[in-house]
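[1] Following is a predicted model, sequence given first.
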Amino acid sequence: MGQDKKNEMTPLMETKEITKKFPGVKALDNVSVTFYPGEVHAVVGENGAGKSTLMKVMAGAYKPDRGSILFQGEKVSFNHPVEAQQMGISIIYQEFNLLPERTVAHNIFLGREPSKFGFVNLHRLNKQANDLLIEIGVENMMTPTALVSSLSVAEQQLLEIAKAVSLDAKVLIMDEPTASLTRTEVKLLSDLISRLKAKGLAIIFISHRLSEVFDVADKITVLKDGQHVGTVKTGDVSTEDIVYMMVGRVLDHYFPPLGSLDDFGEVVLRVKGGSNDSLNNINLELRRGEVLGIAGLQGSGRTELAEALFGAIPFKSGSVELKGKPVLIKNPNRAISEKLGFVTEDRKSEGLLLMQPIYDNMLLAIRSLQNLFTFVYPDGIRQYRKLVPELGKQVDVRVDSYAKEVQDLSGGNQQKVVLSKWLASKAEIFIFDEPTRGIDVEAKARIHDIIRGLTKQGVAVLMVSSELPEIIGMSDRILVMHDGTIGGELPADSSETDIMMVATGQKLADSKSGSY
Amino acid sequence: MTTESIATKQIKKEKLTQRIPQVYYFLVIITVLGITLDQIFANGNILSSPTILLNILIRSVALGIVAVGQTFVMIGASIDLSVAYTISLTSVMTSLIMQGDPSRVPMAIGIVLLIGAFVGLINGLLITKLNVNAFIATLGTGLVIKGFLNGTFTNWSGSVPRSFQALGYDKLGPIPLSLFLLAGVVLIGWVILSWTKFGAHLYAVGGSVQIGRLSGLRTDRVIIIAHVICSITAVLSGLFIVSRLGSGAPWVGPDGVYDLESIATTVIGGTALSGGRGGVLGTLAGVLIFGVIDTVFNQLGIDTFLKTVLRGAIIILAVASYSIRSKREAA
């Protein structure tokens, strides 16, 4: 108790009214949070709530537009992450900053090697690394001379922490440290966190797994749409309370009416026990004429499911049936010939040839089905004359010429070109991964209309989205993914709370009694 | 107590396997294969005559020295295509300045080393400060040197004194001086890469510029120094070549294909084209593999075109074996 009081008198780090804008979004809006030494502080929130942005502002990777950061009571401002690091603020990203071809010791002391006249004292380097590993209690996990590439993901995570400790970190920020760890590995990490906490470090981590948050954290800060909803002590609240704080907003956007029973037809796609490296026992059915929404938090396997269905990273086991007949979709070409279409999450790197004209992009998918030695030109010109304007009208691309390069189009128009690519190949099953990310409201509504219009023509749509309003506004059924598998199915018009419950690994029936 | 001894044992085991680059197994296989072929189809001289073995080494000196430099820049995820012309420039300038006069040897060596450092500095600055792709930047400086040489010199020019030719021909006991030069360059290269801060930072910058920067390294400076070192090794190669030839000419570098062969031997030696991995000991093995192949083919009297084909095949084989291995490691 006495300890607690002392801590509360001396906050280690504070963010004061931080606001950070990116083109089109306010990622952080007036956020003030206080962090104390010897305290584990979890930051939670939906996708896009501003968690990562806040962490990056604290670590000096972003400059806030307004507001200030206080470190040990003094106002600080960082031009570069290295400056924050030197003050004792270390951040560990999901993508590790480690050199796989170098040893543990070289990675820990990179840029700070013990040396004399430019020569590294390898003996001391390894000795210091070994001492450090013993100090934080991970000496059984790795040796100083082991190559980083020989370590598991969890061990690399521990190595990153060791590196931060060696930099005399007082504040340790971790962005989803447990996202790719197994249960036993999470235990290792939480043990280490407790040891560091006892040393008086302030530990801040982002997590989507609420059960872990409750196991490890002393305090929880909830962000929503860039705003600070509240900071609570873990003992004072239940998981349900946190989920309520994370969700709940007004739908400010028009969605076309959901499908009716008349629209739904037979099952066109059925997956039984589909598994691969990132997915585990996927079972789903997709009917003609419906929009099946796939919700889930980052890293839950949403995109991986879409990629598996389309054969980009195929299932390794389990079966896939299309219209009742088993097929092996081992690559995208096979998927396209089976009338599947995939509108990818990152249209710029995966969906479009940016430097090529609109018509080539529109015809890309059908051309992939033609014999490699077909003469493109006479055929292509014929198709171009007939098909391209039809497609353009169908998806409402607003351009003066189809010869224009795709990179010159707006985000909304680009997405329409991607869509038309699959309309051209007469796809019967459309997979959308984040169909409206990064495009303006008007184009969003237009794309939602097009998706609904597709189902009216008998197409089956599987729509992956991280935006809950979009999932709720568009889906006839909702599958919620958690930890690489389908955590549960929810009916149309489910609440954000219910979806978040499943997505964070709570069982809906159990959540009422508060147990997990 | 027991766990500790197990741990130290593990460390020792790691060190031993790490110390021998994989390419040496390849070198042994090729040498044994070459000797066997020589025994069966030719006079078996490779084994019986030590001069042939020695010749393999001497053949490797010029390529070996410049390949050490190439290894430096490639570990830094860069590349240097200008080395062949730097070699030519060195050979011409050296013989031009020396004019057969022994007293001018030190001055000539000093000047060409400065020229080499300057070329490397320009390469490094173009790549780091102007952000020109290394491939293009060094191709460009190479062409500039080529143009200068071709416009100024049309034939053998100048000559080096007999005392300087000792470097190419004399022996210290049974061992040619030039081998000391090669061994020295490889040794210094190895020491710099594995024992100095600069070496550690070069591996880091080659592995990831971003990580280097976040760790507070002066990444630009590391790359520039690597390029200066590379150009200086090209100068040393050029000095050795001109001591053998007696006079310099603009075509000696490109004729020896030192640019592409230094890259090829470095890659065979296990240095990743993407940077961050490798070392000069591997490169030395790569150079020796080329030397052994040349000798065996000469012994067998096989067509030189076929030799070129085989060299190509070996490059592909070596690189494929590395990428298959790293794929397996990743899986």
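    Sure, I can see it.
[2] going forward, measure contacts and count neighbours with C-alpha atoms only.
    OK.
[3] so residue A:319 touches residue A:271, yeah?
    Yes. At 5.8 Å, residue A:319 and residue A:271 qualify as touching, with contact defined as C-alpha atoms under 8 Å.
[4] Specify the residue positioned farthest from the middle of chain A.
    The outermost residue of chain A relative to its centre, with distances by C-alpha atoms, centre = their mean, is residue A:117 at 46.2 Å.
[5] For it, give its distance to residue B:222.
    Residue A:117 sits 16 Å away from residue B:222, going by C-alpha to C-alpha, to the nearest Å.
[6] Tell me the predicted confidence for residue A:225.
    At residue A:225, the model reports a pLDDT of 84.
[7] Next up, phi/psi of it, please.
    Dihedral pair for residue A:225: phi 50, psi 40, per degrees, to the nearest 10.
[8] residue contacts, it?
    Residue A:225 makes contact with A:27, A:28, A:48, A:49, A:50 under the criterion C-alpha atoms under 8 Å, 6 or more residues apart in numbering or on different chains.
[9] Over to residue B:193?
    By C-alpha under 8 Å, 6+ apart, the contact list for residue B:193 reads B:199, B:200, B:202, B:279.
[10] and with 7 Å instead?
    B:199, B:200 (C-alpha atoms under 7 Å, 6 or more residues apart in numbering or on different chains).
[11] Show me which parts of the helix or strand hosting it are buried, residue by residue.
    Per DSSP states H and E: residue B:193 is located in helix B:177-195. For helix B:177-195, burial by neighbour count (16 or more other C-alpha atoms under 10 Å in any protein chain shown) applies to B:177-179, B:181-183, B:185-186, B:189-190, B:192-195.
[12] Tell me the one of those nearest chain A?
    Using C-alpha to the nearest C-alpha, residue B:195 is the member of these that lies nearest chain A, at 5.4 Å.
[13] most centrally placed residue in the chain?
    Since you didn't name a chain, this refers to chain A. Nearest to the geometric centre of chain A sits residue A:298, at 3.2 Å (C-alpha atoms, centre = their mean).
[14] that's the wrong chain, I wanted chain B
    Residue closest to the average C-alpha location in chain B (C-alpha atoms, centre = their mean): residue B:67, at 1.0 Å.
[15] Quick check: it touching residue B:266?
    Yes. The pair residue B:67 / residue B:266 is scored as a contact, 6.3 Å apart, by C-alpha atoms under 7 Å.
[16] List the contacts of the one residue in the stretch 101-250 of chain A that gets nearest to chain B.
    In the stretch 101-250 of chain A, the residue that lies nearest chain B is residue A:119 (4.1 Å; C-alpha to the nearest C-alpha). Residue A:119 makes contact with B:195, B:196, B:197 under the criterion C-alpha under 7 Å, 6+ apart.
[17] For the residue nearest to the centre of chain B, which non-adjacent residue is spatially closest?
    Once flanking residues are discounted, residue B:67 sits nearest to residue B:262: 4.5 Å by C-alpha to C-alpha, 6 or more residues apart in numbering or on different chains.
[18] Does that neighbour lie in a helix or a strand, and which?
    Judged by DSSP H and E, residue B:262 forms part of helix B:258-268.
[19] And that helix, what does it pack against?
    Helix B:258-268 sits against helix B:50-75, helix B:83-98, helix B:280-300, helix B:304-330, with contacts defined as 3 or more C-alpha pairs under 7 Å, 6 or more residues apart in numbering or on different chains; DSSP states H and E.
[20] What distance do you get for residue B:141 to residue B:313?
    Counting by C-alpha to C-alpha, the gap from residue B:141 to residue B:313 is 30 Å.
[21] okay, these two: which has more neighbours?
    Neighbours per residue, other C-alpha atoms under 10 Å in any protein chain shown: of residue B:141 and residue B:313, the larger number sits with residue B:141, 22 against 11.
[22] Thought residue A:285 was touching residue A:267, still the case?
    Yes. Between residue A:267 and residue A:285 there is a contact under C-alpha under 7 Å: 6.4 Å.
[23] Settle it for me: which of those two has more neighbours?
    Taking other C-alpha under 10 Å, residue A:267 and residue A:285 do not tie; residue A:267 has more neighbours (17 against 14).
[24] List the contacts of the more buried one.
    Going by C-alpha under 7 Å, 6+ apart, residue A:267 touches A:285, A:286, A:287, A:288, A:323.
[25] Of those, grab the buried ones for PyMOL.
    Command for PyMOL that selects the buried part of the contacts of residue A:267, burial taken from 16+ other C-alpha under 10 Å:
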select buried, chain A and resi 286+287+288
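[26] From the contacts of residue A:267, which land in strands?
    Filtering the contacts of residue A:267 for membership in strands, criterion DSSP state E, returns A:285, A:286, A:287.
[27] Grab the nearest non-local neighbour of the second one.
    Spatially, and ignoring its direct neighbours in sequence, residue A:286 is nearest to residue A:269 (5.1 Å; C-alpha to C-alpha, 6+ apart).
[28] Assumed that neighbour was part of a strand.
    Yes. Under DSSP: H, G, I helix; E, B strand; the rest coil, residue A:269 falls within a strand.
[29] Quick check: it vs residue A:458, distance?
    When residue A:269 is compared with residue A:458 (using C-alpha to C-alpha), they lie 13 Å apart.
[30] How about residue A:136?
    Distance of residue A:136 to residue A:458, given as C-alpha to C-alpha: 60 Å.
[31] what about chain B, any weak spots by pLDDT?
    Scanning chain B with the threshold set as pLDDT under 70 gives B:1-19, B:325-331.
[32] ok, the residue in it that chain A sits nearest to - how many residues close by?
    Proximity of chain B to chain A (C-alpha to the nearest C-alpha) peaks at residue B:196, 4.1 Å away. Residue B:196 has 21 neighbours, counted by other C-alpha under 10 Å.
[33] so who does residue 322 touch?
    In the absence of a named chain, this looks at chain A. A:268, A:269, A:270.
[34] again, but for residue A:256
    So, once contact is read as C-alpha under 7 Å, 6+ apart, residue A:256 ends up touching A:448, A:449, A:452.
[35] What is the nearest of those residues to chain B?
    residue A:448 (39.4 Å).
[36] about what we covered before: looking at the residue farthest from the centre of chain A now. What's its pLDDT?
    Predicted confidence (pLDDT) for residue A:117: 87.
[37] again with the one 10 residues further on
    Looking at residue A:127, its pLDDT is 94.
[38] Now it. Its backbone dihedrals?
    phi -60, psi -50.
[39] what's the neighbour count on it?
    Using other C-alpha under 10 Å, residue A:127 has 14 other residues around it.
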